[in-house]
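Asks: Just need the structure, nothing else, for what follows:
(chains A and B)
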Number of protein chains: 2
Amino acid sequence: MSPYEIIATKRDGAELAPEAIGWFIDAFMKDEVRDYQMTAWLMAAYIRGLSDAETVALTQAYINSGKTVDLSSIPGIKVDKHSTGGVGDKVSIILAPLVASLGIPVPMISGRGLGHTGGTLDKLESIPGFQTQLDVPQFQELVSRHGLALIGQTAELVPADRRIYALRDVTATVDSIPLICASIMSKKIAEGIDALVLDVKYGNGAFIPPPEKAEVLARKMIQIGRASGKQVVALLTSMEQPLGRAVGNWLEIEECIDCFHGKGPNDLMEVTLALAAEMVVLAGKAGSAQAARDLCQQALSSGKAWDKFLEIVAAQGGDTEFLEHPRRYPRARFRAELKAGESGYVAAFQTREVGMASVELGAGRLRAEDPVDPQAGIRLHRKLGELVEKGQVVAELYTNRKETLPGALKRLEKAIHIDARPPKIPPLVLKRLA
Amino acid sequence: MSPYEIIATKRDGAELAPEAIGWFIDAFMKDEVRDYQMTAWLMAAYIRGLSDAETVALTQAYINSGKTVDLSSIPGIKVDKHSTGGVGDKVSIILAPLVASLGIPVPMISGRGLGHTGGTLDKLESIPGFQTQLDVPQFQELVSRHGLALIGQTAELVPADRRIYALRDVTATVDSIPLICASIMSKKIAEGIDALVLDVKYGNGAFIPPPEKAEVLARKMIQIGRASGKQVVALLTSMEQPLGRAVGNWLEIEECIDCFHGKGPNDLMEVTLALAAEMVVLAGKAGSAQAARDLCQQALSSGKAWDKFLEIVAAQGGDTEFLEHPRRYPRARFRAELKAGESGYVAAFQTREVGMASVELGAGRLRAEDPVDPQAGIRLHRKLGELVEKGQVVAELYTNRKETLPGALKRLEKAIHIDARPPKIPPLVLKRLA
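Replies: From the prediction side, this is the model:
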């Protein structure tokens, strides 16, 4: 096998044998295949596509490049949830403690925000003291002791994906369905789970907006999970507007606190419960989605979920004072209001642009190495289908960099459309795939 | 402009603005665009293609990356010839002195052999002392003084092409028509010519075997030349068998000596004269192809062409003793004969394989850094359509590495097909394009 042949085969659209893909990734990690050869192959794979068998082989090669977590000594079916990323998507922060509070181990490894999407790690790190950079033994210890861990990528798991993702990021080869699949599924399989619930976003704030394409991605991930003996269920959920009303790290934690206390926005609660119920069923703790939902509702209303959240925050070094008293959290120094230029219904969001306005304010990053501001972000006063009168506040913007306000305001104004007629609201959960 | 956008645009098959391509190549030469970004772009360009405007822009960007030769102080129309490469193609070595002997300046920069094809430089360097690694002032001086120079690539001209070619070579992106066009034409335009004759090979020994594809390549190169104000004519010539009877560096020089003395093989003389006549017409030294051919014939039979060859060899440091007395040249230490296994007509050559057998014997190289053996090679006793009887010699093999003989013999045997019926011989000059 030679790098040249492997590149030329994919260039010409032919299928590579699993061993060829395994060899190629392994040789790359040994620096026998060079970065410039990998990116030529990635571009060929982007344009020509990868078959299911090739994608499974790539996923396995990623996994083989590092360690895998062994959680077999922890009793119970270990279940995780993964989202393809969106704006205002803070589901994990509510869902993971909720599911864990029902006695289901949730070993969750999350990512950071990039581009228009936020990241669970950035949100968690807005809680003072919260540590996400833990190693595999610490991760295992947390899951064993608390039935839950909320950590970031470690250097030990799937290092090939990390090196290759960095190359994809600068060579316009990120949004390829098979490459995304292999990247996501390798990380999830390596973290030691038995089952996985996928939240595959569709709509104008998703990485892959068309529902049909999102469904292709979902089906491919289900297939890869199956090929590794994991149970996988996917929900296609709406990113036609931000999820909930808060966009930005601490703003979203505050909204999560509301959710734990029964005061969360409907759409956020609906998506969280739908995904959590799937996890509970996969874990064998309920015989039906409805029974699972009831269990989740009880865990929320009884305060069990909230207690589990406080427990894990404390266990990971976070200061729970601000969770108990969110008003004590320092505010961003600058604030602006976006007011409605006309009366009518909020008819459409350009969701990606809402995310980019939030990035502009400091809440997100364009490059992986940029820092984020925990206090920056946007609070939406109106969501799809809600009425607003001319001059009323549609959204509030927060930042510590005053100079960003005019640009972010302008961007946000363009991203929120007001119309005389009420819009058709896209389904929150479009489809369930298993 | 960002590397990411430029890569993404080509990835999606859209057309890049000339300025974008110029910026991209310039940024690459400043190390602002990295190797791994260039190869992703090259793969996208390979698969999606480049428009004529993009190819012209790429050619110009290559030229802009280095110096260009200024031959304007030398009177006359400067004409060069370029071949896309073949097996036994020693045309330049006869043609350049021949055309120069008619008072037409021929500033020729040639390449080395790679893979199954030989290279003019390797052949010239088999003449003891012959120097091909000259710089631009030396090149200008030779053309000015002798009306001729036969040198290799210099680091000063089109450095972008050299760096990019090295990446293409290891990422399976060499045989793309627009990338080949830009690479060839940038080098030719930078060397200071006014007009160019292209020998575009077709057939099973050519880089691009199908005549229709070779024609696409030829037309694209003509167009690029025109866009730079150069006159360009192309002939599509046969590589369905080696050109002439000698394959290998000194063996080919010997055959050239025969040509200068009126004893060259018909096919080689025919292609040489057809290309030389085009050069003479482009240089304005004859009104018709036939008149130009007559001038060339006279230059050969009068000895003017031979004298010019001796003159340039001496000027470039070569020892003319071996040219005057080729039998004094040392022979390869080992020799083998390929004998016909049956009687019949030589019906077909797998020309590429003949080239590879010659490489195996030491006459060529698989990697750019490999040395070549000037004495190694193959002498064909039979060519297409010629009769052979069982047991007669079809070819002789020469090498200084005895262990290569069995493999090369076997390869050559498979590459020469004998049949009871005479074959249809493909046209030597299939088409003229201007």
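Asks: For stretch A:42-59, measure first residue to last.
Replies: One end of stretch A:42-59 to the other measures 14 Å (C-alpha to C-alpha, to the nearest Å).
Asks: which parts of it are buried?
Replies: For stretch A:42-59, burial by neighbour count (16 or more other C-beta atoms under 10 Å in any protein chain shown) applies to A:42-50, A:54-59. Quick note: C-beta positions are derived from backbone N, CA and C, even for glycine.
Asks: which of these are close to chain B?
Replies: Here is what survives when the buried residues of stretch A:42-59 are matched to chain B using C-beta under 8 Å from any C-beta of the partner chain: A:Leu42, A:Met43, A:Ala44, A:Tyr46, A:Ile47, A:Arg48.
Asks: Quickly find the element holding the fifth one.
Replies: Under DSSP states H and E, the secondary-structure element containing A:Ile47 is helix A:35-48.
Asks: list the helices and strands that helix packs on?
Replies: Counting contacts by 3 or more C-beta pairs under 8 Å, 6 or more residues apart in numbering or on different chains; DSSP states H and E, helix A:35-48 packs against helix A:3-11, helix A:18-29, helix A:159-169, helix A:177-190, helix B:3-11, helix B:35-48.
Asks: A:Phe207: which of the ones you listed is closest?
Replies: Comparing the helices and strands packed on helix A:35-48 by their distance to A:Phe207 (C-beta to C-beta), the top pick is helix A:177-190, with 7.6 Å.
Asks: Toward the C-terminus from that closest one, list the very next helix or strand.
Replies: With DSSP H and E, the next secondary element past helix A:177-190 is strand A:195-202.
Asks: chain center to that following strand: distance?
Replies: Distance, stretch centre to chain centre, for strand A:195-202: 9 Å (C-alpha atoms, centre = their mean, to the nearest Å).
Asks: Sheet partners, orientation included, of it?
Replies: Sheet pairing of strand A:195-202 (DSSP bridges) gives strand A:79-83 (parallel), strand A:231-238 (parallel).
Asks: what's the angle between that strand and helix A:177-190?
Replies: Angle, strand A:195-202 to helix A:177-190, by axes from the mean of the first three to the mean of the last three C-alpha atoms, to 10 degrees: 150 degrees.
Asks: For burial, what's the neighbour tally of A:Ser288?
Replies: 11 (other C-beta atoms under 10 Å in any protein chain shown).
Asks: Who are the contact partners of it?
Replies: A:Val281 (C-beta atoms under 8 Å, 6 or more residues apart in numbering or on different chains).
Asks: Dihedrals phi and psi, it?
Replies: The phi/psi pair for A:Ser288 (degrees, to the nearest 10) reads phi -150, psi 160.
Asks: A:Phe334 too?
Replies: Main-chain torsions, A:Phe334, degrees, to the nearest 10: phi -120, psi 150.
Asks: Looking at the closest residue to it other than its chain neighbours now. What's its pLDDT?
Replies: In this structure, A:Phe334 finds its nearest non-sequential neighbour in A:Lys402, 4.7 Å apart by C-beta to C-beta, 6 or more residues apart in numbering or on different chains. pLDDT, A:Lys402: 97.
Asks: Quick one: the helices in the stretch 201-350 of chain A, in order.
Replies: A:211-227, A:249-260, A:266-282, A:289-301, A:304-315, A:321-324 (DSSP state H, counting those that start in this stretch).
Asks: What about A:Trp23, how many residues nearby?
Replies: Neighbours of A:Trp23 (other C-beta under 10 Å): 19.
Asks: Could you pull up the residues touching it?
Replies: A:Trp23 touches A:Met1, A:Ile6, counting by C-beta under 8 Å, 6+ apart.
Asks: circling back to that earlier point, helix A:3-11 and the helix holding A:Ile47, what's the angle between them?
Replies: 20 degrees.
Asks: Between helix A:18-29 and helix A:35-48, find me the angle.
Replies: 140 degrees.
Asks: if we look at helix A:35-48, which residues are touching it?
Replies: A:3, A:6-7, A:10-13, A:24, A:28, A:164, A:167-168, A:171-173, A:176, A:178-179, B:7, B:11, B:34-44, B:47-48, B:167, B:170-173.
Asks: Buried ones only from those residues, please, as a PyMOL command.
Replies: Buried subset of the contacts of helix A:35-48, written as a PyMOL selection, criterion 16+ other C-beta under 10 Å:
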select buried, (chain A and resi 3+6+7+10+11+24+28+164+167+168+171+172+173+176+178+179) or (chain B and resi 7+11+34+35+36+37+38+39+40+41+42+43+44+47+48+167+170+171+172+173)
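Asks: just to revisit the earlier point, tell me which of the strands paired with strand A:195-202 sits most buried.
Replies: Comparing the strands paired with strand A:195-202 by mean neighbour count (mean count of other C-beta atoms under 10 Å in any protein chain shown), strand A:79-83 ranks first with a mean of 26.
Asks: Output it as CSV - backbone C-alpha positions only.
Replies: Taking C-alpha atoms only, strand A:79-83 is exported to CSV below (Å, rounded to 0.1, in the frame of the first residue of the first chain):
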residue,chain,number,x,y,z
VAL,A,79,-25.7,6.4,27.5
ASP,A,80,-24.6,9.7,26.0
LYS,A,81,-26.2,12.3,23.8
HIS,A,82,-24.5,14.2,21.0
SER,A,83,-25.7,17.2,19.1
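Asks: one step back: since we're on the residue nearest to A:Phe334, how many residues are nearby?
Replies: By other C-beta under 10 Å, the residues close to A:Lys402 number 10.
Asks: again with A:Ser302
Replies: Number of residues near A:Ser302 (other C-beta under 10 Å) recorded here: 11.
Asks: Quick check: it vs chain B, distance?
Replies: 49 Å (C-beta to the nearest C-beta, to the nearest Å).
Asks: how does chain A divide into domains?
Replies: With domains defined by automatic domain parsing, chain A comprises A:3-49, A:79-324, A:332-419.
Asks: A:Pro159 touches A:Met29, doesn't it?
Replies: Yes: with contact defined as C-beta atoms under 8 Å, A:Pro159 reaches A:Met29; the gap is 7.0 Å.
Asks: which residues do the two both contact?
Replies: Joint contacts of A:Pro159 and A:Met29 (C-beta under 8 Å, 6+ apart) are A:Ser65.
Asks: Does A:Arg365 belong to a helix, a strand or coil?
Replies: coil (DSSP: H, G, I helix; E, B strand; the rest coil).
Asks: nearest spatial neighbour of it, skipping sequence neighbours?
Replies: Leaving aside its sequence neighbours, A:Arg365 sits nearest to A:Val372 (C-beta to C-beta, 6+ apart; 5.7 Å).
Asks: What count of nearby residues applies to that neighbour?
Replies: A:Val372 has 24 nearby residues by other C-beta under 10 Å.
Asks: can I assume A:Glu156 is in contact with A:Val136?
Replies: Yes: in this structure, A:Glu156 is within contact of A:Val136 by C-beta under 8 Å, at 5.4 Å.
Asks: What parts of the stretch 151-300 of chain A come near chain B?
Replies: Residues of the stretch 151-300 of chain A lying close to chain B by C-beta under 8 Å from any C-beta are A:Leu167, A:Val170, A:Thr171, A:Ala172, A:Thr173.
Asks: which residues does the one residue in the stretch 201-350 of chain A that gets nearest to chain B contact?
Replies: Here the stretch 201-350 of chain A gets closest to chain B at one residue, A:Phe207, 14.4 Å apart by C-beta to the nearest C-beta. Contact partners of A:Phe207, counting by C-beta under 8 Å, 6+ apart, are A:Thr84, A:Gly85, A:Thr117, A:Asp175, A:Ile180, A:Lys201.
Asks: and the fifth one, what is it in contact with?
Replies: A:Ile180 makes contact with A:Thr84, A:Val174, A:Phe207, A:Leu217 under the criterion C-beta under 8 Å, 6+ apart.
Asks: excluding its backbone neighbours, what's nearest the last one?
Replies: Distances taken as C-beta to C-beta, 6+ apart put A:Ile177 closest to A:Leu217, at 5.0 Å, once the chain neighbours are dropped.
Asks: Sweet, I'm off.
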